[in-house]
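Trainee: output the structure for:
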Amino acid sequence: MEAAAPTTIAKKEVVVLGAGVVGLTTALKLQQEEHYQVTIVSEVIPSDPKSIKYTSWWAGAHHVYNSIKKDDPNLYLFEQETFKVMWELSEPGSNAEESFLRIPQTEYYYTERPQPDPLENMPDYRHLREDELIHGAKAGAAFTTFTIDVPIYLNYLLMRFLAYGGRILRGSLLHINQVLEGGTSLFAGGSPRDPLPDALVVCCGLGARFLGGIEDKDVYPIRGQTVLVRAPWVRSGRTHEIDASGACTYIIPRRSSDVIIGGTRVPNDWFPHARPETTEDILTRGLVLCPELAPPEVRAIRTPTLADILPHVVGEGCGLRPGRKGGIRLEVEWIDGEKVRREGRVPVIHNYGHAGYGFQASWGCANKVLTLLDDALGMSKEV
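Mentor: Modelled structure (predicted):
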């Protein structure tokens, strides 16, 4: 008997709007599935010059659980799933190793941590003794985590996505109906032969406030400002929660020898550039928390001052985190095909509003998008 011919699965066309960490991770996750062909459409891509429009470029970033399981079980799960993936990616010898640095991390808290503390799941976790606390801290913890060299990691995600056969097109939309009706043929690099998308995934962060067909007024900016210092001798992270509002000082070393010092967290502040007085405040707080920011030769002879750090400042950062009242929007919305001159209904999956959790919730949210998309298109029954 002749062997049966292998069955092929007709791929569903998916368009992902946005190329920040959430959009790239989601697109990569979907493209890795044999039944999806994914195109990213974005106005800005990771290799572009720095822009206030591209928030992911400005992130610190490290993985420290922000959510408490009983208060936000979904976010806790997303963070947990993401940590597992990124911990494997940060493994020495992995093809993503250069994007990460595994470090010892110390956290100081203005208030007592709720129990059970999700940080207890971190590698090498332990409570700080009272004699290990800094002035003003009521509690603390030490554990092992990783930091992310954001520019390298974003381009790693993009290259992996392209290597799996994905496609990225530069373009902007006024309304989601434009791509639902016209598809990717509307953009440079597209083709008149491109099929219409079977589904749309919205990962446009702060842009969800303005994009027609979305216009989510619950989305708002949470301005963050940081300072970048060249200090290869710093190889541990620290965070000091300043008050109950969530404001904090943090030290995030990267594999590249740069150290991110932060920060600020100001809702509804749209200013796109670093403010000099804020930079000085961040450096002052950073030096108090981590005197090791000053060169070792200085610390060997005297107490370091701000003047000892200034020559090592290599940049300032300012990003607008995409906050959202009610938290992350992660759900399916169905668009009537008649509204976009096509048959049937088209699923639009929303994945935005991550505030400061974009990197550390990215893979968990991508997993959820895959589940929602499979269910919406009936793929979970076919594969």
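Trainee: is it true that P295 touches W233?
Mentor: Yes: between P295 and W233 there is a contact under CB atoms under 8 Å: 7.3 Å. C-beta coordinates here come from the backbone N, C-alpha and C atoms, glycine included.
Trainee: E316 belongs to a helix?
Mentor: No: applying DSSP: H, G, I helix; E, B strand; the rest coil, one finds E316 to be strand, outside a helix.
Trainee: that one contacts Q225, doesn't it?
Mentor: Yes: the pair E316 / Q225 is scored as a contact, 7.2 Å apart, by CB under 8 Å.
Trainee: identify the contacts common to these two.
Mentor: When contacts are counted by CB atoms under 8 Å, 6 or more residues apart in numbering, E316 and Q225 are jointly contacted by 274, 279.
Trainee: so which of these two has more stuff around it?
Mentor: Q225 (23 against 17; other CB atoms under 10 Å).
Trainee: now do the same contact list for the more buried one.
Mentor: Counting by CB under 8 Å, 6+ apart, Q225 has contacts 262-264, 274-275, 278-279, 282, 316-318.
Trainee: the strand or helix carrying it pairs with which strands, and in what direction?
Mentor: Element membership for Q225, per DSSP states H and E: strand 219-230. Strand 219-230 has its sheet partners listed here by DSSP bridges as strand 258-262 (antiparallel), strand 266-267 (antiparallel), strand 313-324 (antiparallel).
Trainee: distance from it to the middle of the chain?
Mentor: 13 Å (CA atoms, centre = their mean, to the nearest Å).
Trainee: give the next helix or strand downstream of that strand.
Mentor: According to DSSP H and E, the helix or strand after strand 219-230 is strand 237-241.
Trainee: so what does the following helix or strand past that next one touch, helix or strand wise?
Mentor: With elements assigned by DSSP H and E, the helix or strand that comes after strand 237-241 is strand 248-253. Contact analysis of strand 248-253 by 3 or more CB pairs under 8 Å, 6 or more residues apart in numbering; DSSP states H and E lists strand 237-241, strand 258-262, helix 276-289 as its packing neighbours.
Trainee: these two touch, right, P304 and V288?
Mentor: No: applying CB under 8 Å, one finds P304 not in contact with V288, separated by 10.6 Å.
Trainee: next, L200: secondary structure please.
Mentor: strand.
Trainee: chain neighbours aside, what residue packs nearest to it?
Mentor: Spatial nearest neighbour of L200, excluding adjacent residues (CB to CB, 6 or more residues apart in numbering): V348 at 4.7 Å.
Trainee: tell me the bridge partners for that neighbour.
Mentor: Going by DSSP bridges, V348 forms beta bridges with L200, E333.
Trainee: tell me how many other residues crowd it.
Mentor: By other CB under 10 Å, the residues close to V348 number 22.
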